[in-house]
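Asker: Need the 3D shape of this:
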Amino acid sequence: MNYADILTRTEHAGVYHMPGDGEAGLIDAAAQNNFAVFRVDLAGVSDKAALLQAIGDAMAFPEWYGRNWDALLDCLADLGWQSAEGYVVILEHCDGIHGRAESDFVQTLQVFEAAANEWREQGIPFWCFVDMQADGINWLSDIG
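Answerer: Residues are numbered from 1 along each chain as shown. Sure thing, here's the model as predicted:
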């Protein structure tokens with residue numbers, strides 16, 4: 001699959017399952033397109049507070065980040081401190097947080113989807129890929 005071409009399709013950007021062949025191809029494709037890549041390791045994260053903290057730390061959110069849903073959307077929808085042609089966020093090791101705090105994890109993915117919609121209006125691709133073995137979020141699609 002040619003991820004370099006797919007990632008430039010702003011109209012399809014959003015939240016997706018991690019492709020079966022892993023993240024290496026996505027990271028290479030993002031680099032080819034001058035996209036910023038953020039890898040958020042969620043191993044060991046068990047609640048909303050730790051989830052929001054892990055995202056903020058991995059994405060180098062500004063000091064004013066309030067670690068709540070509104071602040072998450074504000075930061076995701078305005079990555080001015082990480083200017084790029086597009087964005088790829090990889091949420092790694094999601095099974096634990098999905099199992100321990102499912103509603104908070106689903107809410108987080110909905111915030112990422114809202115951010116992708118805001119970026120789409122500006123013509124900038126914003127992708128989020130969810131690394132999860134369990135099949136518990138049926139609205140997540142596969143890329144391609």
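
Asker: Q82 and F35 touch, don't they?
Answerer: No - taking CB atoms under 8 Å as the contact criterion, Q82 and F35 are not neighbours in contact, 10.3 Å apart. All C-beta atoms are positioned from the backbone trio N, CA, C, and that covers glycine.

Asker: Between these two, point out the one with more neighbours.
Answerer: F35 (22 against 13; other CB atoms under 10 Å).

Asker: That one and F126: what is the separation?
Answerer: 9 Å (CB to CB, to the nearest Å).

Asker: who are the neighbours in contact with the most centrally placed residue in the chain?
Answerer: When CA atoms, centre = their mean is applied to the chain, the residue found nearest the centroid is C128 (3.0 Å). By CB atoms under 8 Å, 6 or more residues apart in numbering, the contact set of C128 is 14-16, 88-91, 109, 112-113, 116.

Asker: And the contacts of stretch 11-18?
Answerer: 6-7, 86, 90, 109, 112-113, 116-117, 119-120, 125-132, 140-143.

Asker: wait, V40 sits on A54?
Answerer: Yes - look at V40 against A54 with CB under 8 Å: they come within range, at 5.8 Å.

Asker: Any idea how far apart the tips of stretch 35-44 sit?
Answerer: For stretch 35-44, the separation between the terminal residues is 28 Å (CA to CA, to the nearest Å).
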